[in-house]
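Generate a structure from the sequence data that follows.
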Amino acid sequence: MRLRTTGMALLAPSALAQSITVSNGTVQGGSCPSSAANYYHAIPFAQPPLGSLRFAAPHPFDQKFNGTLDGTKTAPTCIQFGGDFFTEPQPWSEDCLYLNVWAPKNASSGSKLPVKVWVYGGSNTAGGISDPLYDGCNAATDSIVVSINYRLGPLGFLALKDAGLSGNYAVQDLLLGLRWVQDNIEAFGGDHSKVLLFGQSAGAALSFLISTLAEAPSLISAVAAESGGGRGSAPYAEAQPYFKAFVKNLGCALDDLDCMRSKSPQELNASFPVELTSATIPLGYAKGFASVIDGKVVPEDPAAVGSRVPAIFGSTSNDGSLFILGAYQNNFPPTQANYTSLIESNFGPYAAAVKSYYPISRFANDSSASLAPYFAMTAIWTHASYTCSAQRGLKRATAKGVPAYAYVWDTAPSCPWLPELSSGISSQILELLGVAHTSEIPFVLRNTEHLPPPNGTCSFSAAEKNISDAVSSAWTAMARAQSPDSPLLPGVWPTFSSNGTKGLVATGEGLTFEDIDYSFCKLWDGISESIQEPFLTKTSLIRSFPMQTLKALTRRAPSLRFIRHYTQTPNPNMKIAITGSRGTVGQYVVKAAVDAGHSIVQVNRTEQEPDGTKNSKYRTADTANDYDATVQAFKGCDAVIHLAAIPDPVDKPDFMVHSNNVESAFNGFRACGELGIKKICYASSVNAIGLAYANQPLKFKYFPIDEEYPPNPTDAYALAKVEAETQAKAFVNWFPGTKIACLRIHEVAPKKDVQKEHEENWNAAAVGQLWAWVSPAAVARACLLSVEKADAYEGCEVFNIVAPETTQETTSAELAKKYYPEAEIRKGLEGNKGFWTIEKAERILGWKHEEKE
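Numbering: from 1, shown residues only. Modelled structure (predicted):
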């Protein structure tokens with residue numbers, strides 16, 4: 001049974017308001033029954049995003065209305081994704097790019113009132129402006145209120161290189177809506193130069209993103225991000241694996257845009273991956289649809305840029321409760337074992353530090369000892385995902401000289417503010433939720449009567465209504481003056497600074513200005529660039545427990561976006577197994593790993609005497625012929641760098657080279673899978689494409705050679721490397737969550753040694769290897785980075801590991817023309833640049849080729 005009703009049931013179409021003329025014609029609105037405001041619903045701001053406009057930037061609605069537009073009708077809700085319990089009620093439509101406007105009844109075109117533009121949350125997969133929780137009638141007494149629909153899920157965010165799709169359509173929907181506001185809001189009595197963009201959860205993340213764009217100051221004057229500000233976006237390339245998986249589920253070729261556009265909304269939903277959560281909540285890339293850094297709409301990472309306009313950042317004191325309670329509802333309360341599992345699976349090498357800061361004992365008392373793990377887990381979730389990301393947004397704005405204001409919401413509504421909380425939910429569950437995610441929304445929008453909206457029977461207390469009035473007026477002041485100071489507040493709201501953390505604190509007793517506790521952010525800031533923020537996937541597991549209807553609360557879960565893995569800080573204190581550690585490359589990798597603070601296990605085919613390397617253990621395993629020994633050698637390790645192989649086919653028969661190298665790769669990958677080791681570096685070779693040892697004349701399709709170049713193995717060594725890469729791609733599917741970097745490494749030697757060899761054996765060593773090389777120290781760094789930064793890529797990825805320039809003084813274009821005239825010369829072969837592209841390794845792993853050790 002559906003508990004939620006459409007928000008327009010409370011409107012009386014016969015109570016008509018004054019008509020308003022906008023650029024497309026006349027809009028007839030209605031009169032709000034609960035306040036002295038008018039509403040104007042379902043105003044189109046973009047052409048229907050259908051046909052060729054699906055998966056495309058929105059086009060402005062440039063037609064004239066056919067007569068007077070009826071602004072008393074409910075705006076269509078954009079297609080929802082993720083299951084019926086997660087979403088807004090039907091009907092849904094792709095033709096959904098509409099906005100709502102609320103204005104005081106006495107407003108006129110010359111009123112110059114501040115404007116507040118609301119962006120709803122819903123994990124980028126659900127939500128809409130017709131939700132009764134977001135009704136703007138009561139907030140539009142001292143300002144104009146606008147809410148904008150934006151496309152969701154794949155329709156709003158699908159970014160696929162093969163199909164030429166750049167993504168960020170939802171972001172562009174909101175930008176176009178804001179341009180409509182600039183062009184038309186004066187007709188309602190608004191001032192286009194005084195616009196606050198504000199949103200919650202995913203809406204906060206999108207509002208924050210827009211505030212970081214160069215265009216922002218021309219569209220908005222301020223931003224308020226409620227439980228979701230300060231977060232970044234994923235680089236375009238790193239988001240591709242998820243988008244590719246979705247399109248494959250859809251049954252379309254990756255480059256067949258016509259196929260994608262032909263699919264019905266039902267088919268899109270059927271292909272949408274509804275993932276299951278468990279007692280261990282996943283950490284890392286959130287597998288969902290969200291904004292990406294495409295270099296155009298979103299040119300840079302929002303978290304690094306920071307807001308360009310004055311900003312409010314805040315969160316609730318128990319943002320995490322909704323998600324922890326939902327995740328463990330079938331076995332509530334969570335146990336100490338659940339607590340340990342959640343921390344270790346989410347924070348890996350940082351688990352000990354997190355446990356030390358959030359010990360269960362700190363959250364226990366005589367009356368709630370059994371609930372201590374739940375309270376500890378809620379605090380971890382709240383701080384890591386919300387409070388500290390908000391603080392990072394505050395700090396970044398302050399560093400840019402942009403005024404920023406902090407708040408913490410620490411008062412739980414006395415009334416159920418969502419329909420799901422009004423039926424079948426005990427007072428104990430409400431108490432456990434505390435000041436949960438979304439609990440500030442009715443205060444900010446001044447929806448204090450008839451809760452839950454639209455037709456509830458509960459009303460806020462007088463004290464709560466005073467808090468609501470004050471906060472709503474502060475948001476209005478932010479729009480008007482780029483400062484939240486309001487006479488209804490208990491004083492001047494101080495700006496946030498690195499020397500002080502004072503902000504607004506909302507408690508049950510009222511509003512105060514005091515220091516906000518961000519002390520725990522020292523922990524999270526220290527590891528935030530290596531961990532991924534926790535997220536709760538849409539889940540079919542949220543169903544029983546005493547509060548069955550809690551399942552629908554996940555519709556406002558934190559944004560299920562690809563969260564960028566920040567690569568500046570490597571994972572410390574890993575235990576890394578290095579096979580073939582006595583080889584040329586192995587010795588450099590050992591040194592690099594130890595210098596980086598890791599402990600290592602040196603694995604070689606024959607017994608090795610300790611060599612005095614610190615933090616080093618020694619184990620023996622013939623990885624090609626002894627699987628059980630390989631498993632024993634890898635036990636207890638966090639990552640494996642798999643170098644062991646016959647390094648060339650020069651002095652060994654083909655069958656031996658092929659068999660040894662293929663079996664060694666398989667046993668290494670399989671042992672990692674058995675032991676649950678998820679971070680693997682495999683030493684492949686540039687010879688996978690067919691190169692130095694080829695038994696046929698070399699031919700090349702194009703230069704420079706990227707990782708997509710088709711393999712053409714014509715010798716046993718090259719064939720073994722191709723087969724090993726194929727194994728790696730299979731194993732990441734067999735063992736979900738596994739990351740394998742296959743490094744296509746070139747001739748490993750100092751440049752001067754390679755130049756000398758080329759001089760003495762020009763055809764074989766130079767022409768046959770494309771005048772390329774790579775320094776041993778640079779290879780070692782690439783091996784280490786590929787496991788330290790495994791969260792920067794998905795599944796199996798191939799990386800060229802080659803020096804960026806050739807060994808020759810002759811230009812690369814001249815060499816190509818002379819020796820390989822049939823090859824296409826592409827951009828990137830200027831001067832003495834190498835014949836291999838290394839941009840992927842530089843961008844994703846942060847690798848740079850340097851010859852120094």
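
could you point out which element follows the helix or strand hosting N800?
Element membership for N800, per DSSP states H and E: strand 796-801. Next in sequence after strand 796-801, counting helices and strands by DSSP H and E, comes helix 812-819.

Pull out the buried residues from that following helix.
Within helix 812-819, the residues scored as buried using 16 or more other CB atoms under 10 Å are S812, L815, A816, Y819. Bear in mind the C-beta positions are built from the backbone N, C-alpha and C, glycine included.

Just grab the bridge partners of the closest residue to the third one other than its chain neighbours for me.
Computed as CB to CB, 6 or more residues apart in numbering, the closest residue to A816 that is not its neighbour in sequence is F703, at 5.4 Å. For F703, the beta-bridge partners are I825 (DSSP bridges).

Please give the number of neighbouring residues around F703.
Using other CB atoms under 10 Å, the number of residues around F703 comes to 24.

Quick check, it in contact with K833.
No - counting by CB atoms under 8 Å, F703 does not reach K833; the two are 9.6 Å apart.

list residues touching both of these two?
Shared contacts of F703 and K833 (CB atoms under 8 Å, 6 or more residues apart in numbering): S812.

which SS state does T512 fall under?
strand (DSSP: H, G, I helix; E, B strand; the rest coil).

element containing A741, please.
Applying DSSP H and E as the criterion places A741 in strand 739-745.

which residues touch that strand?
Contacts for strand 739-745 (CB under 8 Å, 6+ apart): 585, 669, 678-686, 688, 707, 724-725, 728, 731-732, 774, 779, 782-783, 786-787, 790-791, 793-802, 845.

What is the distance between that strand and the centre of its chain?
Distance of strand 739-745 from its chain centroid, counting by CA atoms, centre = their mean, to the nearest Å, is 24 Å.

helix or strand right after it?
Assigned by DSSP H and E, the successor of strand 739-745 is helix 751-760.

just checking, what packs against that next one?
Contacts defined by 3 or more CB pairs under 8 Å, 6 or more residues apart in numbering; DSSP states H and E place helix 751-760 against no helix or strand at all.

I'd like the next helix or strand past that helix.
As assigned by DSSP H and E, the chain's next helix or strand after helix 751-760 is helix 776-788.

For the stretch 351-500 of the chain, give me the ranges with low pLDDT.
366-367, 422-427, 498-499 (pLDDT under 70).

any chance you could map the helices in it?
For the stretch 351-500 of the chain, the helices defined by DSSP state H, counting those that start in this stretch cover 351-357, 372-382, 388-399, 427-433, 441-444, 462-481.

of the ones you listed, which approaches K652 most closely?
Taking CB to CB, helix 351-357 is the member of these nearest to K652, at 44.7 Å.

For G29, find the nearest of the helices of the stretch 351-500 of the chain.
Using CB to CB, the nearest of the helices of the stretch 351-500 of the chain to G29 is helix 462-481, at 20.7 Å.

In that closest one, which of the residues would be classed as buried?
464, 467-480.

Tell me which of the helices of the stretch 351-500 of the chain sits nearest to Y236.
Among the helices of the stretch 351-500 of the chain, helix 388-399 sits nearest to Y236 (CB to CB), with 21.7 Å.

So which elements touch the closest one?
By 3+ CB pairs under 8 Å, 6+ apart, helix 388-399 packs against helix 302-305, strand 311-316, strand 404-410, helix 521-527.

ok, residues contacting the third one?
Spelled out, that is strand 404-410. Residues contacting strand 404-410 (CB under 8 Å, 6+ apart): 307, 310-317, 387, 390-391, 393-394, 397-398, 435, 439-440, 478, 483-484, 493-496, 501-508, 516.

May I have that strand as PDB, with CA atoms only?
Extracted C-alpha coordinates of strand 404-410, given in PDB (Å, rounded to 0.1, in the frame of the first residue of the first chain):
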ATOM      1  CA  ALA A 404      31.000  30.700   4.800                       C
ATOM      2  CA  TYR A 405      28.600  29.800   7.600                       C
ATOM      3  CA  ALA A 406      28.400  26.600   9.600                       C
ATOM      4  CA  TYR A 407      25.400  25.000  11.400                       C
ATOM      5  CA  VAL A 408      24.600  21.700  13.200                       C
ATOM      6  CA  TRP A 409      20.900  20.600  13.400                       C
ATOM      7  CA  ASP A 410      20.400  19.000  16.800                       C
END
